[in-house]
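*Asks:* Generate a structure from the sequence data that follows.
(one chain, ligands or ions: 1)
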Amino acid sequence: MTVMAAEKTALLQIMEELQSLETEGMRRRLKTVTGPQRSETTMAGRPMTILCSNNYLGLADHPRLGELAVDATREFGCSSGASRLISGTMTLHRQLEEELAAFKGTEGALVYNCGYMANLGVLSTVVGDGDIIFSDALNHASIVDGCRLSRAEVKIYRHGDAGHLAELLRRHGPSYRRRLVATDSVFSMDGDLAPLPEIVALAKEHDALLLVDDAHATGVLGRGGRGSASHFQLPPDSIDLLMGTLGKAMGSCGAFVAGRREYLDYLINKSRSFIYTTALPPAVLGASLAAVRLLREEPELVNELRQKVSYFRQGLRKLGFEVADDPTPIIPVIVGNAARTMQLSEQFLRAGIFIQGIRPPTVEPGSSRLRVTITRDLSRARMDEILAVFSSLRDSFPPAVSG
Ligand SMILES: *Cc1c(COP(=O)(O)O)cnc(C)c1O
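*Replies:* Presented below is the predicted three-dimensional model:
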């Protein structure tokens, strides 16, 4: 008989797994930002430039968002009180949905608590047993999880390869009840674009539904940040289910699905991640509303972001880094080895620059990278200083990334 209570077997196993993650250099730890979310902030009280946030337009601490968040709270309180279908639909939900639909040029929009829940909710509702999903190999984890939850058959097409998608659509034809194509418009770890015009045409030709995830395109691409459809000059109704998020460029929190009324009504009736959760509170809705209005009134914010993105991409290329000229603020600088990536991230931290290293399972083994993101509130002077640090660490990157 043991005197001390033994730890539970599951706990011992978990401790062992954490230890082996540590040994492999794969253990993740949270880093605390002690100031507001903006490019120049503090970590552990020390000045720090954040080069890994998705706050692309720098709206997270914009006074107009804060003011409407406070006004909304004063007028409507702190909570929505219930799920949207119980007592949780408030004037602000309606207003935000109307303004989002007008912004995107769609018949309607339906607000979800976040993009992860929106993708899960759409996929598990619109397709199911007996259906099939065609999904890009590099789609976001929330699409991957939504595919699993849906119980539909899933076919993965090669990243960005419309030819492969066409082949799969031809091979898996009318024996399915419904077919759905799902793609990110901007890929979150690579910053490249899906070939949307081709995908739209294929979905139409094959009578398949199309879900497009505009998480990194909303507020970034297209006229005044209207997203990927606008960027490619596609009519808004060429995408059946357009998912966008409000926590990235829009500086708030939450997500929406835009499209035809029938699809949205179907989601209201059947989507579990919409139905079984307490709706977003007034403060968040107020901030989101302010962001949509700000973009409508000051579309030049998006141009300012674009100029900074293009300046930084060119700067990296001049230093000999292999960097594509995609029009997005996500710039992967490939390192390869996971441990080496994290060491480089540490070196940047010591220089007052926070660039998150991204490693498996988020990306494929051997493709670990520094994922640089550019935000509108970065100054030119600071970008030059950061480029100088990249230059000084140039030899620490493997020759494979040499230009
Ligand atoms: C961030 C992200 C999501 C999830 O959105 P949240 O609102 O953060 O939950 C979905 N899809 C993509 C491509 C994303 O980058």
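
*Asks:* Residue of the stretch 251-400 of the chain nearest the ligand, please.
*Replies:* Ala255 (4.8 Å; CB to the nearest ligand atom). The way it works is simple: take the backbone N, C-alpha and C, and place the C-beta from them, glycine included.

*Asks:* Pretty sure Val122 is one of the things that residue touches, is it not?
*Replies:* No: if you go by CB atoms under 8 Å, Ala255 and Val122 don't touch, sitting 10.2 Å apart.

*Asks:* Give the residues shared as contacts by these two.
*Replies:* Met243 (CB atoms under 8 Å, 6 or more residues apart in numbering).

*Asks:* if you count what's nearby, which of those two comes out ahead?
*Replies:* Using other CB atoms under 10 Å, the more surrounded residue of Ala255 and Val122 is Val122, with 32 against 29.

*Asks:* and Met243, that's in a strand?
*Replies:* Yes: under DSSP: H, G, I helix; E, B strand; the rest coil, Met243 falls within a strand.

*Asks:* which non-adjacent residue is nearest Gly105?
*Replies:* Pro236 (3.8 Å; CB to CB, 6 or more residues apart in numbering).

*Asks:* In contact with the one you found: list those residues for me.
*Replies:* 104-106, 229-230, 242, 258.

*Asks:* Tell me the pLDDT of it.
*Replies:* Looking at Pro236, its pLDDT reads 92.

*Asks:* Pull up the gap between it and the ligand, please.
*Replies:* Distance from Pro236 to the ligand, counting by CB to the nearest ligand atom, to the nearest Å: 19 Å.

*Asks:* can you check Leu21 too?
*Replies:* Where the ligand is concerned, Leu21 sits at a distance of 23 Å (CB to the nearest ligand atom).

*Asks:* still on that earlier bit, partners of the residue of the stretch 251-400 of the chain closest to the ligand in the sheet?
*Replies:* Beta-bridge partners of Ala255, counted by DSSP bridges, are Tyr112, Thr245.

*Asks:* out of the contacts of Pro236, which is most surrounded?
*Replies:* Most surrounded of the contacts of Pro236: other CB under 10 Å gives Ala258, at 29 neighbours.

*Asks:* And the contacts of the strand or helix carrying it?
*Replies:* Applying DSSP states H and E as the criterion places Ala258 in strand 255-259. Identification of contacts with strand 255-259 by CB under 8 Å, 6+ apart yields 96-97, 100-101, 104, 106-115, 117-118, 121-122, 215, 236-237, 239-247, 263-264, 267.

*Asks:* Give me the buried subset of those residues.
*Replies:* By neighbour count, with 16 or more other CB atoms under 10 Å, the contacts of strand 255-259 hold 96-97, 100-101, 104, 106, 108-115, 117-118, 121-122, 215, 236, 239-247, 263-264, 267 as buried.

*Asks:* wouldn't Gly35 be in contact with Ala44 here?
*Replies:* No: the pair Gly35 and Ala44 fails to qualify as a contact (CB under 8 Å) at a distance of 10.4 Å.

*Asks:* Just want to know which of the two has more residues nearby.
*Replies:* Gly35 (15 against 9).

*Asks:* Next one: the more buried one from Leu378, what distance?
*Replies:* To Leu378, Gly35 is 15 Å away according to CB to CB, to the nearest Å.

*Asks:* partners of the helix or strand where Val333 lies, with directions?
*Replies:* Element membership of Val333, judged by DSSP H and E, is strand 330-336. Strands adjacent to strand 330-336 in the sheet, as given by DSSP bridges, are strand 368-373 (antiparallel).

*Asks:* The next helix or strand after the partner strand vs strand 330-336, what angle?
*Replies:* Reading on from strand 368-373 to the C-terminus, the next helix or strand found by DSSP H and E is helix 380-392. With axes from the mean of the first three to the mean of the last three CA atoms, to 10 degrees applied, the angle from helix 380-392 to strand 330-336 works out at 10 degrees.

*Asks:* So what touches helix 380-392?
*Replies:* By CB under 8 Å, 6+ apart, the residues outside helix 380-392 that reach it are 39-40, 49, 51, 308, 311-312, 315-316, 319, 321, 333, 348, 351, 353, 374.

*Asks:* what's the most distant pair in those?
*Replies:* Glu40 and Phe321 (23.5 Å; CB to CB).

*Asks:* With neighbour numbers in mind, choose between those two.
*Replies:* Phe321 (21 against 15).

*Asks:* Arg369 versus that one, what's the distance?
*Replies:* Phe321 is 11 Å from Arg369, by CB to CB.

*Asks:* any shared contact partners between these two?
*Replies:* Any residue near both Phe321 and Arg369 by CB under 8 Å, 6+ apart counts here, and that gives Val333.

*Asks:* from memory Leu295 sits against Val302, does it?
*Replies:* Yes: contact between Leu295 and Val302 holds when scored by CB under 8 Å: they sit 7.2 Å apart.

*Asks:* re earlier: so of the buried ones among the contacts of strand 255-259, which ones are in strands?
*Replies:* Residues of these located in strands (DSSP state E): 108-112, 241-245.

*Asks:* elements contacting the host helix or strand of Leu211?
*Replies:* Leu211 belongs to strand 209-213 when assigned by DSSP H and E. Counting by 3 or more CB pairs under 8 Å, 6 or more residues apart in numbering; DSSP states H and E, the packing neighbours recorded for strand 209-213 are helix 115-126, helix 141-150, strand 179-184, helix 196-205, strand 241-245.
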